[in-house]
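A.B. asks: No letters, just coordinates:
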């Protein structure tokens with residue numbers, strides 16, 4: 001009969017596996033960081049993995065090297081590595097970073113575990129201090145991740161948050177176990193099944209943590225590329241493709257709730273004459289002035305895009321025709337009042353014509369709504385321009 005699994009279990013072997021996982025991710029992320037210097041998270045995670053790897057190596061050599069290295073330095077380095085990971089995520093989210101929080105607690109732990117007799121000579125106290133202090137930093141990291149997710153939703157951040165929460169509760173559990181059961185449950189020669197679970201958890205959580213961080217960086221990059229692909233380079237508003245994609249999504253959302261949404265098609269009057277007389281540079285400034293004016297009057301949930309040339313479009317979710325006409329008139333009047341300085345003695349102003357069409361709650365086609373609003377716009381052009389026409 002084969003012997004039980006726990007008789008074959010070797011904690012040092014598990015630590016070596018964990019060490020290889022950390023060094024593998026550390027080297028990979030360091031290579032990536034050398035090509036992506038605009039992403040400090042990569043550098044911090046790579047250094048974190050390498051430093052915690054060294055800490056793991058020192059811990060695995062317990063009994064073969066001086067206790068000052070396998071206990072004091074190992075625990076200090078582990079805190080240093082974990083705090084660098086926390087700092088990297090704060091940099092990723094553009095949060096404030098205090099550098100002293102990286103090295104000072106790590107130095108204090110290393111010195112206390114080496115030179116304070118009450119701590120250096122008591123395994124239970126060392127485990128409690130180590131576990132609870134590390135749980136504190138992972139807990140703070142979890143709170144940061146929750147706050148960051150509200151500001152910048154990333155699917156991959158959920159993976160990191162899961163790894164952080166598991167780490168936090170595992171560390172708290174290890175600390176409690178050391179308090180209740182004693183050193184035998186948490187030492188290298190501790191209860192086999194507890195050590196099996198801890199070793200497996202360490203490897204899985206480490207992999208989840210680093211894979212999640214890499215996916216976060218990739219997801220943000222993809223979002224930025226999508227944003228650039230859907231933004232007008234001159235004015236900064238949505239381009240036609242971006243407006244149609246996001247607008248269609250918004251119209252379908254209104255369709256599901258049974259509420260109406262309204263499309264405004266806007267065209268600057270006599271814009272060709274502006275370009276011909278003053279040049280394209282002045283024409284570009286006029287377009288940016290128009291965008292600035294409109295942006296200041298729209299609500300946070302409204303969509304604004306450049307449809308092409310001097311033609312712009314706005315989608316007003318959950319807005320009925322009467323309210324949309326009022327908003328359109330406000331936009332028209334505001335733009336009529338602004339002017340663009342041409343030189344020291346002259347300034348230039350123009351007007352805008354707006355076509356309005358309200359998409360019924362039972363309809364879900366943005367493209368057809370834009371065509372109807374565009375037709376209303378050209379009715380306004382024939383009427384003399386500088387007006388709002390409801391289709």
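C.D. replies: Nice, I can see it. Everything quoted here is computed from the prediction, not taken from an experiment.
A.B. asks: all contacts plus neighbour counts: C-alpha atoms, from now on.
C.D. replies: OK.
A.B. asks: what residue lies at the spatial centre of this structure?
C.D. replies: Closest residue to the average C-alpha location of the chain: residue 152 at 4.1 Å, with CA atoms, centre = their mean.
A.B. asks: Do you have the helices of the stretch 51-200 of the chain handy? List them.
C.D. replies: Per DSSP state H, counting those that start in this stretch, the stretch 51-200 of the chain carries helices over the ranges 67, 74-92, 100-115, 117-120, 123-151, 157-180, 192-229.
A.B. asks: between these, which gets nearest to residue 241?
C.D. replies: Among the helices of the stretch 51-200 of the chain, the nearest to residue 241 by CA to CA is helix 192-229 (8.5 Å).
A.B. asks: end to end, how far does stretch 295-306 reach?
C.D. replies: The first and last residues of stretch 295-306 sit 12 Å apart, counting by CA to CA, to the nearest Å.
A.B. asks: what is the mean pLDDT for it?
C.D. replies: In this model, stretch 295-306 has a mean pLDDT of 93.
A.B. asks: quick one, domains of the chain?
C.D. replies: 5-228, 240-390 (automatic domain parsing).
A.B. asks: from the helices of the stretch 51-200 of the chain, which stretch is densest packed?
C.D. replies: Across the helices of the stretch 51-200 of the chain, averaging neighbours per residue (mean count of other CA atoms under 10 Å) puts helix 74-92 on top, at a mean of 24.
A.B. asks: Show me what that helix is in contact with.
C.D. replies: Contacts with helix 74-92, where a contact means CA atoms under 8 Å, 6 or more residues apart in numbering, come from 39-45, 47-52, 54-56, 58-59, 96-97, 101-103, 105-110, 113, 130, 134, 137-138, 141, 144.
A.B. asks: Can you add distance to residue 30 and give the helices of the stretch 51-200 of the chain back as JSON lines?
C.D. replies: Shown next, in JSON lines, are the helices of the stretch 51-200 of the chain (distance: least, CA to CA, whole Å):
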{"stretch": "helix 67", "distance to residue 30": "30"}
{"stretch": "helix 74-92", "distance to residue 30": "13"}
{"stretch": "helix 100-115", "distance to residue 30": "19"}
{"stretch": "helix 117-120", "distance to residue 30": "34"}
{"stretch": "helix 123-151", "distance to residue 30": "22"}
{"stretch": "helix 157-180", "distance to residue 30": "19"}
{"stretch": "helix 192-229", "distance to residue 30": "12"}
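A.B. asks: Now the weakest link among the ones you listed, please, by mean pLDDT.
C.D. replies: Going by mean pLDDT, the lowest-scoring of those is helix 192-229, which has a mean of 83.
A.B. asks: got the angle for it vs helix 157-180?
C.D. replies: If you take axes from the mean of the first three to the mean of the last three CA atoms, to 10 degrees, helix 192-229 sits at 160 degrees to helix 157-180.
A.B. asks: Who are the packing partners of helix 192-229?
C.D. replies: helix 5-8, helix 11-35, helix 157-180 (3 or more CA pairs under 8 Å, 6 or more residues apart in numbering; DSSP states H and E).
A.B. asks: do you know how far residue 209 is from residue 219?
C.D. replies: Counting by CA to CA, the gap from residue 209 to residue 219 is 15 Å.
A.B. asks: meant to ask about residue 388, not that
C.D. replies: 42 Å.
A.B. asks: repeat for residue 285
C.D. replies: When residue 285 is compared with residue 219 (using CA to CA), they lie 34 Å apart.
A.B. asks: I'd say residue 283 and residue 274 touch.
C.D. replies: Yes: Residue 283 is in contact with residue 274 according to CA atoms under 8 Å; the separation is 6.1 Å.
A.B. asks: contacts for the host helix or strand of residue 47?
C.D. replies: Per DSSP states H and E: residue 47 is located in helix 40-60. Here helix 40-60 makes contact (CA under 8 Å, 6+ apart) with 12, 15-16, 18-20, 22-23, 25-30, 32-33, 36, 65, 69-71, 73-75, 77-78, 80-85, 87-89, 91-92, 210, 214.
A.B. asks: Hmm, residue 231 is touching residue 246, no?
C.D. replies: No: using CA under 8 Å, residue 231 is not in contact with residue 246; the gap is 11.9 Å.
A.B. asks: Quick check on these two: which one has the bigger neighbour count.
C.D. replies: residue 231 (20 against 14; other CA atoms under 10 Å).
A.B. asks: who does that one bridge with?
C.D. replies: Note on residue 231: beta-bridge partners residue 238, judged by DSSP bridges.
A.B. asks: residues in contact with it?
C.D. replies: Here residue 231 is in contact with 237, 238, 239, 242 (CA under 8 Å, 6+ apart).
A.B. asks: try 6 Å
C.D. replies: 237, 238, 239 (CA atoms under 6 Å, 6 or more residues apart in numbering).
A.B. asks: ok, the second one - how many residues close by?
C.D. replies: Here the neighbour count serves as a burial measure; for residue 238 (other CA under 10 Å) it reads 24.
A.B. asks: re the thing from before, now the helix holding residue 47 and helix 74-92, what's the angle there?
C.D. replies: Using the same axes, to 10 degrees: helix 40-60 against helix 74-92 is 170 degrees.
A.B. asks: now helix 40-60: mean pLDDT?
C.D. replies: Computed over helix 40-60, the average pLDDT equals 91.
A.B. asks: Check which helices and strands the helix or strand that it is followed by sits against.
C.D. replies: Next helix or strand after helix 40-60 toward the C-terminus (DSSP H and E): helix 67. The helices and strands touching helix 67, judged by 3 or more CA pairs under 6 Å, 6 or more residues apart in numbering; DSSP states H and E, number zero.
A.B. asks: mind checking how far helix 67 is from the chain centre?
C.D. replies: Remark: helix 67 is offset 42 Å from the chain centroid, using CA atoms, centre = their mean, to the nearest Å.
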